[in-house]
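1. Take a look and give me a structure for this.
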Amino acid sequence: MSEPTPRQILYALVAGGFVLVVAVLVIGAAVAGLVPGWWTGVMAISLIGFSLWGALNWRRTWPLLLGSIGLFVLWTVVTLIVA
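-> Predicted coordinates for the structure are as follows:
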C-alpha cells in the first residue's frame, strides 16, 4: 500500500467535517422537535453506516466526498419536507 497523498488526507478531513455537521444538524433538529422520530432514526442509521464505510475507504476520495455532501443535501431536502 502506498503512502497517502496530501489531497487524500484533505478530502477525507473535509468529508469527515460534512458528516459531523450533518450529525449536529440531525441531533439539533431532533432536540428542537422539528422532525419526526422516524426521520431522526433513518438519518442516524445512515450516518453510522456511511461513517463506517468512510473509515474503511477513506482513500477513495470522490465517493467519500459525494457521499458526505449527499447526506447533507438529503437531510436538508427531507427535513424541509417533513418539518
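2. does residue 12 sit in a helix or strand, and which one?
-> helix 6-32 (DSSP states H and E).
3. if I read this right, residue 34 contacts residue 81, doesn't it?
-> No. Assessed by Cβ atoms under 8 Å, residue 34 is found out of contact with residue 81, at 11.8 Å. (C-beta placed from N, C-alpha, C; glycine too.)
4. Which one's more surrounded, the two?
-> residue 34 (15 against 9; other Cβ atoms under 10 Å).
5. Return the set of buried residues in the helix holding residue 12.
-> 11-12, 15-16, 18-19, 22-23, 25-26, 29-30 (16 or more other Cβ atoms under 10 Å).
6. next SSE after it?
-> Counting by DSSP H and E, what follows helix 6-32 is helix 37-56.
7. and the angle from the following helix or strand past that following helix to helix 37-56?
-> Using DSSP H and E, the helix or strand that follows helix 37-56 towards the C-terminus is helix 61-82. For helix 61-82 against helix 37-56, the angle between stretch directions is 170 degrees (axes from the mean of the first three to the mean of the last three Cα atoms, to 10 degrees).
8. can you tell me the average pLDDT over helix 61-82?
-> Average pLDDT, helix 61-82: 96.
9. And for stretch 27-38?
-> Mean per-residue pLDDT for stretch 27-38: 96.
10. Now tell me what touches that stretch from outside.
-> For stretch 27-38, the surrounding residues in contact (Cβ atoms under 8 Å, 6 or more residues apart in numbering) are 40, 79, 82-83.
11. same question, stretch 50-62
-> 4, 7-8, 11-12, 15-16, 19, 63-64, 67-68, 71.
12. circling back to that earlier point, tell me the buried residues within the contacts of stretch 27-38.
-> Looks like the contacts of stretch 27-38 have 40, 79 buried, using 16+ other Cβ under 10 Å.
13. Would you format the contacts of stretch 27-38 as TSV with distance to residue 54 included?
-> TSV is the format used below for the contacts of stretch 27-38 (distance: Cβ to Cβ, whole Å):
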residue	distance to residue 54
40	20
79	22
82	26
83	27
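14. give me every residue that touches residue 9.
-> Counting by Cβ under 8 Å, 6+ apart, residue 9 has no contacts.
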